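Asks: Here you go, sequence then predicted model.
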Amino acid sequence: MKVTNDQKIPIKLWMENLTDMETGAWEQAKNLANLPFAYKWIAVMPDAHQGYGMPIGGVMATKGVIVPNAVGVDIGCGMCAVKTSLTEIDTDTLKKIMGEIRKVIPLGFNKHKENQDESLMPKGINTVKKAENAGMFNLLICENRDIKNNALKSLGTLGGGNHFIEIQKGSDGHIWIMIHSGSRNLGFKVANYYNKLAQELNEKWHSSVPKSWELAYLPIDSVGGQNYIREMNYCVEFALANRELMMGRVKEVFRNELMKKEKTLEEQIGFDPMINIAHNYASLENHFGQNVWIHRKGATKATEGLIGIIPGSQGTSSYIVEGLGNPESFMSCSHGAGRRMSRSQAKRELNLKEEIAKMNKKGIIHGLRNQGDLDEASSAYKDIDWVMEQQKDLVKIKVKLEPLAVIKG
């Protein structure tokens, strides 16, 4: 951990040098450290890179306010992983499994044609009031009929960008299934709605926080703040329901494909309980004797003994970890490897043949086909083993996972 004291409050970084952090992300971290409501210090994880308003890989504690852009647009995005009883799986079976997964889980912008089972959705939001002086913003996103119907079609879908489904071989000798996905368009709608509300109200209050920082806030004790918290938590639950439905369907594909090979295998294959960890949310927690709102944007909770997931990039290792409960990071850790190149830079500078060769050399079944796929190539990301080395005081490794086959959104 490195500490800088040049701002209103310190910035604590889990990386060897400031040069390991891009300039834009560092400027955003400094903005956070000069907010009037930020508490103690800002924690920056080793996978940090520039986001909107707040670095992805940042952790901020606040008193009395909540900042929608410090949570982000994919509210509740996170990881889930399941250990299977399998210790081996052949390439032909893997290819068939990946093909069947693509049939039952829509990818990218695609969604189901029909609404999914509504009983899988989170329970309704508690009664809320209209936000004072909110003008056009007096409606509840998650209860809007059109948005809810879209969410019902999006339940059990992967999404695009860095979201993935991956089959892996663990250092424990077992085959694992891992999924990375979030709240789809629902979280995006909620995030934009409340960020605009916060911007409108901050302008009316003549807030001291510059608009250019993109860190408009809502007071916790305001109706707007309470509504955002309720809707944010709903999106976190929706994202979990989304991952659970996808994982259930992936497990069903495993059973069906393996049954075709061995009639008795259906009774033999087993799945451990699903590990789940979110990385875009805010929660009320007690740190250093104070109840504060911890914003984790591209960072995960790492309380002592908590089992978490830190994925690598496409074609590199991932990790099942156990939190060490380090108070200096507000008991948090990285959520992945973190980008070292923007998407446009990766598409422009990386060599497609070289990236495909890296995947093929490892024998990974992948979907890297054209220049447009290079934004998710492993070279666009930081070295996951370097990231893990930087945060040895935040988590300990339980299982190292190597990719066998991957589907990208």
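Replies: Looks like it arrived, so ask away.
Asks: Only C-alpha atoms from now on, for both contacts and neighbour counts.
Replies: OK.
Asks: so Lys398 is in which element?
Replies: strand 395-408 (DSSP states H and E).
Asks: Show me what that strand is packed up against.
Replies: Strand 395-408 sits against helix 91-104, strand 164-170, strand 318-323, with contacts defined as 3 or more CA pairs under 8 Å, 6 or more residues apart in numbering; DSSP states H and E.
Asks: Just give me the neighbour total for the closest residue to Ile141 other than its chain neighbours.
Replies: Excluding the flanking residues, the one nearest Ile141 by CA to CA, 6 or more residues apart in numbering is Val190, at 6.1 Å. When neighbours are defined as other CA atoms under 10 Å, Val190 has 23 of them.
Asks: what about Lys361, distance to Leu374?
Replies: For Lys361, the distance to Leu374 (CA to CA, to the nearest Å) stands at 17 Å.
Asks: out of those two, which sits in the busier spot?
Replies: Taking neighbours as other CA under 10 Å, Lys361 and Leu374 compare with Leu374 leading, 24 against 8.
Asks: That one contacts Leu352, correct?
Replies: Yes: with contacts counted by CA atoms under 8 Å, Leu374 reaches Leu352, the gap being 6.9 Å.
Asks: got any ranges where the stretch 151-300 of the chain has weak pLDDT?
Replies: With pLDDT under 70 as the threshold, the stretch 151-300 of the chain has low-confidence stretches at 261-267.
Asks: Could you pull out the helices in it for me?
Replies: For the stretch 151-300 of the chain, applying DSSP state H, counting those that start in this stretch gives helices covering 184-204, 223-261, 265-268.
Asks: Nearest to Lys148, out of those?
Replies: Nearest of these to Lys148, taken as CA to CA: helix 184-204 at 8.0 Å.
Asks: C-alpha coordinates for that closest one, CSV please?
Replies: The C-alpha trace of helix 184-204 is given here as CSV (Å, rounded to 0.1, in the frame of the first residue of the first chain):
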residue,chain,number,x,y,z
ARG,A,184,-28.5,-5.3,-17.7
ASN,A,185,-30.5,-2.3,-18.9
LEU,A,186,-32.4,-2.0,-15.6
GLY,A,187,-29.3,-0.8,-13.7
PHE,A,188,-28.3,1.5,-16.5
LYS,A,189,-31.8,3.2,-16.4
VAL,A,190,-31.7,3.6,-12.6
ALA,A,191,-28.1,4.9,-12.6
ASN,A,192,-28.8,7.6,-15.3
TYR,A,193,-32.1,8.6,-13.7
TYR,A,194,-30.7,9.3,-10.3
ASN,A,195,-27.5,10.8,-11.5
LYS,A,196,-29.5,13.3,-13.5
LEU,A,197,-31.7,14.0,-10.4
ALA,A,198,-28.6,14.5,-8.3
GLN,A,199,-27.2,16.9,-11.0
GLU,A,200,-30.4,18.9,-11.1
LEU,A,201,-30.6,19.2,-7.3
ASN,A,202,-26.9,20.0,-6.9
GLU,A,203,-27.3,22.9,-9.4
LYS,A,204,-30.2,24.3,-7.3
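Asks: Can you report how many residues lie near the nearest residue to Glu322 once chain neighbours are set aside?
Replies: Nearest residue to Glu322, sequence neighbours excluded (CA to CA, 6+ apart): Ile307, at 4.6 Å. Residue crowding around Ile307 was assessed by other CA under 10 Å; the count is 20.
Asks: Now do the contacts for Ile307.
Replies: Counting by CA atoms under 8 Å, 6 or more residues apart in numbering, Ile307 touches Ile275, Ile320, Val321, Glu322, Gly323.
Asks: Am I right that the third one is in contact with Ile309?
Replies: Yes: between Val321 and Ile309 a contact is recorded at 5.9 Å, counting by CA under 8 Å.
Asks: More neighbours: the two, which one.
Replies: Ile309 (28 against 20).
Asks: Wait, a strand at Ile42?
Replies: Yes: assessed with DSSP: H, G, I helix; E, B strand; the rest coil, Ile42 lies in a strand.
Asks: burial measure for Asp272, as a count.
Replies: Neighbours of Asp272 (other CA under 10 Å): 11.
Asks: My guess is it contacts Thr84. True?
Replies: Yes: at 6.3 Å, Asp272 counts as touching Thr84 under the criterion of CA under 8 Å.
Asks: distance of Arg249 from Asn110?
Replies: 17 Å.
Asks: sorry, that was for Asp92
Replies: Counting by CA to CA - Asp92 and Asn110 are separated by 27 Å.
Asks: Those two: which is more packed in?
Replies: More crowded of Asp92 and Asn110, by other CA under 10 Å: Asn110, with 15 against 8.
Asks: Next, that one: secondary structure please.
Replies: Per three-state DSSP, Asn110 ends up coil.
Asks: Nice, that's everything, thank you.
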